[in-house]
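S.K.: heads up, no residue letters with this:
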């Protein structure tokens, strides 16, 4: 942040990432738009047929139903045709699902909404073998690529926003090549954060049509790629906003890459590829896998223990024990009982000032760090007459100050049980794939 302040002459020490991105772009657009901060493009409605790219989905019978406000389709042709007939006032009106049969007998359910596309099968565990691989394909900077490749930018900032956006894309590529960390991070910040601000009416880049043009066409591109992969006989096991995981024979790997690369060229997206040795899903937002090319694990959601600054670091022993179990084949009780970093057993709770907090019969502060203990006391909060458990059913030991000795009263059973509950949810639905 100090380097950004010095090089770009903006004040940003206390800013979050979106605000930093806005300040950086504001400085560059201000000469073209003196009233920039007050500028917006408001839309009374968005006609989707005006913004959809041409996706030649395989023609199929129109088949869908409405389930709890979600349009559930049996193929992408149906979804695409319905979208072309739709006019929306807000992006919240977009709620679709597509259920696709796979060559391996499973079904892939893709959910489409304002947050992107997320799809997964009923199977939770996948492992490569002597004949089949798990291929993962991710699009490089998907939303910025869609913005630049198809001219989806705020109407009131044309053409200068696109010009400056392209400048930062090229500058970041050069910075990355030259090991220039500051300009690489600045470029990444601008490219990734500003597109998300297109739907924020408090920002000068606000244009909801530009936002939905990027997000919806990005989702349809992923859906189009999935349709073509399935038609070639490949079983897609999951997808998200910018990536696809699939099963294919080792001998078919190059054919899959060539297919996706060709589709990427048509719609101006670049893919990156890797393979997994094994892949374990709790759900689409929570998984752990072993990346073959990088020779290291990949974590998402509850499996992450290397947290960004500001994220919760509660009970890091659980994701570490999950990695030990799935990747290193060590049982939770063995790993947890051998672990000696007390911070990984701790939780932190900040209780609202409307409550009083009590532990072991005494009133304590409202922000507390603690671990689950065999010899501790219940932690309570109280607003009126009744005491409420902070961690129901478990005694805790306050640990607001670090101590040199490792405690001997940790309730290991609590952490072991939490770890096994996640394992059972994953392995309990495991099916034989090959």
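M.R.: Perfect, thanks for sending it. Because the structure is predicted, anything quoted here is derived from the model rather than measured. Numbers count the residues shown, from 1 in each chain.

S.K.: Could you point out the longest helix of this structure?
M.R.: helix 208-231 (DSSP state H).

S.K.: right, and the helix or strand after it?
M.R.: Downstream of helix 208-231, the first helix or strand assigned by DSSP states H and E is strand 235-240.

S.K.: now that next one: mean pLDDT?
M.R.: Averaging the model's pLDDT scores along strand 235-240 yields 95.

S.K.: For that strand, name the packing helices and strands.
M.R.: Here strand 235-240 touches strand 107-113, strand 116-120, helix 208-231, strand 243-249, going by 3 or more Cβ pairs under 8 Å, 6 or more residues apart in numbering; DSSP states H and E. For glycine as for every other residue, the C-beta is placed from the backbone atoms N, C-alpha and C.

S.K.: now these as a markdown table including mean neighbour count and mean pLDDT?
M.R.: Formatted as a markdown table, those follow (neighbours: other Cβ atoms under 10 Å; pLDDT from 0 to 100):
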| stretch | mean neighbour count | mean pLDDT |
| --- | --- | --- |
| strand 107-113 | 19 | 95 |
| strand 116-120 | 22 | 93 |
| helix 208-231 | 22 | 96 |
| strand 243-249 | 21 | 96 |
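
S.K.: quick one: which of the ones you listed is nearest residue 77?
M.R.: helix 208-231 (8.6 Å; Cβ to Cβ).

S.K.: For that closest one, what is the distance to the chain centroid?
M.R.: Averaging C-alpha positions (Cα atoms, centre = their mean, to the nearest Å) puts helix 208-231 17 Å from its chain's average.

S.K.: Now do that helix against strand 107-113: the angle between them, please.
M.R.: Note on geometry: by axes from the mean of the first three to the mean of the last three Cα atoms, to 10 degrees, helix 208-231 and strand 107-113 are set 170 degrees apart in direction.

S.K.: Run through the residues that contact the residue nearest the centre of the chain.
M.R.: The centroid of the chain falls nearest to residue 285 when counting by Cα atoms, centre = their mean (6.5 Å). Counting by Cβ atoms under 8 Å, 6 or more residues apart in numbering, residue 285 makes contact with 118, 300, 301.

S.K.: The nearest residue to the first one once chain neighbours are set aside: neighbouring residues, count only.
M.R.: This means residue 118. Nearest residue to residue 118 in three dimensions, chain neighbours excluded: residue 284, at 4.6 Å (Cβ to Cβ, 6 or more residues apart in numbering). Residues lying near residue 284 (other Cβ atoms under 10 Å) number 19.

S.K.: picking that back up, how about a markdown table for the helices and strands packed on strand 235-240, with distance to residue 3 added?
M.R.: Converted to a markdown table, these look like this (distance: least, Cβ to Cβ, whole Å):
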| stretch | distance to residue 3 |
| --- | --- |
| strand 107-113 | 38 |
| strand 116-120 | 32 |
| helix 208-231 | 30 |
| strand 243-249 | 31 |
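
S.K.: Can you check which of the ones you listed gets nearest to residue 138?
M.R.: strand 243-249 (4.1 Å).

S.K.: name the helices or strands packed onto the closest one?
M.R.: So strand 243-249, by 3+ Cβ pairs under 8 Å, 6+ apart, packs with strand 132-139, helix 208-231, strand 235-240, helix 253-267.

S.K.: And those: which comes nearest residue 65?
M.R.: Of those, nearest to residue 65 by Cβ to Cβ is helix 208-231, at 18.4 Å.

S.K.: What does residue 27 show for phi and psi?
M.R.: phi -60, psi -30 (degrees, to the nearest 10).

S.K.: Confirm residue 22 sits in a helix?
M.R.: Yes: assessed with DSSP: H, G, I helix; E, B strand; the rest coil, residue 22 lies in a helix.

S.K.: so what's the residue nearest to it when sequence neighbours are not counted up against?
M.R.: Among residues not flanking residue 22 along the chain, residue 203 sits closest, at 5.9 Å (Cβ to Cβ, 6+ apart). Residue 203 makes contact with 18, 22, 197 under the criterion Cβ under 8 Å, 6+ apart.

S.K.: Am I right that residue 203 sits in a strand?
M.R.: No: counting by three-state DSSP, residue 203 is not part of a strand but coil.

S.K.: If we go by neighbour counts, what in the lowest-mean-pLDDT helix or strand in the chain is buried?
M.R.: Ranked by mean pLDDT, DSSP states H and E, the weakest helix or strand in the chain is helix 2-8, scoring a mean of 77. In terms of neighbour count (16 or more other Cβ atoms under 10 Å), helix 2-8 has its buried residues at 4, 8.

S.K.: That one - contacts with which helices or strands?
M.R.: Under the contact rule (3+ Cβ pairs under 8 Å, 6+ apart), helix 2-8 is packed against helix 17-29, helix 181-196.

S.K.: Out of these, which is closest to residue 69?
M.R.: helix 181-196 (24.3 Å).

S.K.: what is the orientation angle of that closest one with helix 17-29?
M.R.: Going by the same axes, to 10 degrees, helix 181-196 makes 100 degrees with helix 17-29.

S.K.: List the contacts of helix 181-196.
M.R.: So helix 181-196 is contacted by 3-4, 7-8, 17-18, 20-22, 24-25, 141, 143-144, 147, 165, 168-169, 171-176, 205, 211, 214 (Cβ under 8 Å, 6+ apart).

S.K.: Pull out the buried positions in that helix.
M.R.: Quick answer for helix 181-196 (16+ other Cβ under 10 Å): 183-196.

S.K.: before we move on, what about stretch 348-362?
M.R.: For stretch 348-362, a neighbour-count test (16+ other Cβ under 10 Å) marks 349, 351, 357, 358, 359 as buried.

S.K.: re the thing from before, residue 136 is nearest to which of the helices and strands packed on strand 235-240?
M.R.: Nearest to residue 136, of these and by Cβ to Cβ, is strand 243-249 at 4.9 Å.
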